[in-house]
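Engineer: pasting a predicted model and its sequence here:
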Amino acid sequence: MARIAGVDLPRDKAIGIALTYIFGIGRSSARRLCDAASVDWQAKTHALDEGEVIRLRDEIERNQKVEGDLRRETTQNVKMLMDVGCYRGLRHRRGLPVRGQRTHTNARTRKGPRKTVAGKKKAPAKK
């Protein structure tokens, strides 16, 4: 089993697909990395020899920000937006959609489950 960037890649998938299990690598960047490391992107992961895995690992370390470093950078960017107090930072802080989506309806993923607000009780009728 190939282990790259701290992730165990699935054995029975093509290496071009298996690399997408690493946070920060998508289909196009996986194919580009395979070409740069001169590895056939359609070859199964278990069929790679140790030299190909090492070349891929080196190529990823040199040219791609992945896993922990990328997650850390993303959270720092969001934290910076909140600290600055810009509009996007306020939306992050309140847990609302950041990119201009409507919130009157929808946005349940960001807002969480509905919180029911009790209505006013009706006063008893006069006789």
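Structural biologist: All right, it came through fine.
Engineer: packing partners for the helix or strand containing Arg71?
Structural biologist: Using DSSP states H and E, the element containing Arg71 is helix 67-84. If contacts are counted by 3 or more CB pairs under 8 Å, 6 or more residues apart in numbering; DSSP states H and E, helix 67-84 sits against helix 87-94. Quick note: C-beta positions are derived from backbone N, CA and C, even for glycine.
Engineer: hmm, who's touching the helix it packs on?
Structural biologist: 78, 80-83, 97-98 (CB atoms under 8 Å, 6 or more residues apart in numbering).
Engineer: so, low pLDDT: which residues of the protein?
Structural biologist: 127 (pLDDT under 70).
Engineer: grab the most central residue of it for me.
Structural biologist: The centroid of the chain falls nearest to Phe23 when counting by CA atoms, centre = their mean (6.5 Å).
Engineer: where do the helices sit along this protein?
Structural biologist: Counting by DSSP state H, the chain has helices at residues 15-18, 27-36, 50-63, 67-84, 87-94, 108-111.
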